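# after the sequence you'll find the predicted model.
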Amino acid sequence: MAEPTLLGLDIGATGCKATLYNLDGQPLRTGYAEYQMHSPRPGWVEEDAEDWWRGVVASLRAVTAERELAASIVGLGVGCTNALVAVDAAGEPLRPAIMQLDQRTVPQADWLRQAAGAEALFQTTGNRVAPGSYSAPLILWLKQHEPEVFRAAHKFLVPSGFVVHRLTGQYTMDYSRGSTTALFDVRERAWSSRLCELAGIPRAKLPDLYESWQVVGGVTPQAAAATGLAAGTPVVAGCMDTVGAAVGSGAVLPNEPFAIMGTVARVSVALAEPHFDDRFLNCCHAVPGQWLAIAVMNGAGVSLRWFRDVFGQPEVAAGRELGRDPYDLFTEQAAESPAGAKGLVYLPYLAAERSPIWDPYARGVFFGLSVAHHRGDIIRAMLEGVALSVRHNLQIMEESLCGPRERLRIGGGCARSALWTQIIADATAHSIVTLRASETETLGAAVLAGVGTGAYADFAEARQRTLHQEREFVPNPEYGPLYDDLFAVYLQLYQDLRPRFAEAAKRLQS
């Protein structure tokens, strides 16, 4: 009989990944399916929730093709990006899901802050309310602009809740995702009756809340037939992708910062007390009695994905012919550009920005472009711009929450690039430690299933068994002054352009 295994699912912004792990955190099988974001209007970002399910089925089928392995799965966890999907009583989507990059709800977020009181809202939820990132403004937008959807909605779900319902038939939300609704008391770990009543959102339209590691049901026969999983396989409530990444990167002790460099980048640190900084997104950790502060940066992997889709046809074609990843071809060109990209500075605000500026009007900028710049310089400037964004948030986090640190553990797809990881080390003046399991979201989701089913006694045992560091990237002191200068330009450039961003947005809306 095969040894026990744990399955982690990550419903990301651009694709779904399923990875099967043994109890020592060794990946055994992986499946991945990509899907598309859609922008039907400027500032709108949507996805078809059925695409999530199709991605889940395809990725799980790749994992469960071997029957003995499928039978060895003792638990399944689901992590997810942030989005809102309204479903009817049968769990069917009533409209496309609205994604976290969506910026349509500026008026609703402003109204909620004013109606609830910005300080009182922060004290209850631990967060400032912003477009896209929080469910309440999105639900209010539906209530105002698509009232028939609001009335017909049986539940408002996040991607993990949608997938858990498809797997088990249960409507659920874990505490970490509850933290991103702006309807949740982050200290009491419960829905806020005051905020629900103020917003006019019936409690009955919200799912029941659970710890991330709690088993909420078993895989139904219908879901088993679709996915290849064994009927009855335990499914836990799951979590926000960053919380899964925290667990997967071993950040289950307070004051240990880590970074996840995916489509959206996040720099995070666990907190023993609910003392929050409003420049970050704050939520309940999966670890009992802890919270997580998260600096969320919209334009990390999104920047290269945009470059690939708009300008990267040569690399896509070459990659198809050579059997290589086009992103590797991009970074090879970037490696030919010197540190500093010949003075080219990139603001990675293609999809507005959250931490630390929380500006829904911010947009991407290349500053200093000249005829002396080549394709590799442009790509390197994008990598460096994201690294400077990491520096910006890490610096605030260390000053405000956890104190100075010399090392930063890192995971996520972008961390597979040695060049990008070294640039982050040089730009932040921190040693960057990569992990054997770069896909920490799926590992974390699997670990939650292990804790919930008793495969691990607790998070401490899970960390001891699954945390494996791989390589350390030490900052090159020669580049310190260069990146200090670029960082100063990066900060000032945004300040200079901030009013222009807002003016440009108003012109587009008029």
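That came in fine, so what should we check first?
# all helices of the stretch 151-300 of the chain, in order?
159-168, 175-178, 193-199, 221-227, 241-248 (DSSP state H, counting those that start in this stretch).
# element containing residue 495?
If you go by DSSP states H and E, residue 495 is part of helix 480-509.
# list the buried residues of the lowest-mean-pLDDT helix or strand in the chain.
Scoring the helices and strands of the chain by mean pLDDT, DSSP states H and E places helix 67-71 at the bottom, with a mean of 88. Using 16 or more other Cβ atoms under 10 Å as the test for burial, helix 67-71 gives 69-70. Every C-beta, even on glycine, is put in place using the N, C-alpha and C of the backbone.
# and the strands in the stretch 1-150 of the chain?
With strands called from DSSP state E, counting those that start in this stretch, the stretch 1-150 of the chain shows them at 5-11, 15-22, 27-34, 46-47, 73-80, 83-87, 97-99.
# for the fifth one, packing partners?
What it means is strand 73-80. strand 5-11, helix 159-168, strand 234-236, strand 239-240, helix 241-248, helix 440-453 (3 or more Cβ pairs under 8 Å, 6 or more residues apart in numbering; DSSP states H and E).
# let's have those in JSON lines, adding mean neighbour count, distance to residue 55 and mean pLDDT.
Formatted as JSON lines, the helices and strands packed on strand 73-80 follow (neighbours: other Cβ atoms under 10 Å; distance: least, Cβ to Cβ, whole Å; pLDDT from 0 to 100):
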{"stretch": "strand 5-11", "mean neighbour count": "30", "distance to residue 55": "7", "mean pLDDT": "97"}
{"stretch": "helix 159-168", "mean neighbour count": "26", "distance to residue 55": "9", "mean pLDDT": "98"}
{"stretch": "strand 234-236", "mean neighbour count": "26", "distance to residue 55": "17", "mean pLDDT": "98"}
{"stretch": "strand 239-240", "mean neighbour count": "32", "distance to residue 55": "18", "mean pLDDT": "96"}
{"stretch": "helix 241-248", "mean neighbour count": "32", "distance to residue 55": "14", "mean pLDDT": "93"}
{"stretch": "helix 440-453", "mean neighbour count": "31", "distance to residue 55": "13", "mean pLDDT": "96"}
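# on contacts alone, who are the packing partners of the helix holding residue 495?
Identification of packing neighbours for helix 480-509 by 3+ Cβ pairs under 8 Å, 6+ apart yields strand 345-347, strand 365-367, helix 375-397, helix 418-428.
# can I get the helices of the stretch 151-300 of the chain in TSV with distance to residue 5?
Listed next are the helices of the stretch 151-300 of the chain as TSV, based on distance: least, Cβ to Cβ, whole Å:
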stretch	distance to residue 5
helix 159-168	17
helix 175-178	24
helix 193-199	40
helix 221-227	15
helix 241-248	16
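# for residue 142, which of these is the nearest?
Among the helices of the stretch 151-300 of the chain, the nearest to residue 142 by Cβ to Cβ is helix 193-199 (11.5 Å).
# what sits up against stretch 452-472?
Stretch 452-472 has contacts (Cβ atoms under 8 Å, 6 or more residues apart in numbering) with 4, 6, 21, 23-25, 74-75, 77, 213-215, 234, 236, 247-250, 252, 286-287, 407, 409, 431-437, 443, 447, 449-451.
# can you turn the buried part of those into a ChimeraX selection?
Only the buried entries of the contacts of stretch 452-472 go into this ChimeraX selection, using 16+ other Cβ under 10 Å:
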select :6,21,23,25,74,75,77,213,214,215,234,236,247,248,249,250,252,286,287,407,409,432,433,434,435,437,443,447,449,450,451
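# one step back: wait, which of the strands of the stretch 1-150 of the chain is closest to residue 275?
Nearest to residue 275 among the strands of the stretch 1-150 of the chain is strand 73-80; the distance by Cβ to Cβ comes to 25.4 Å.
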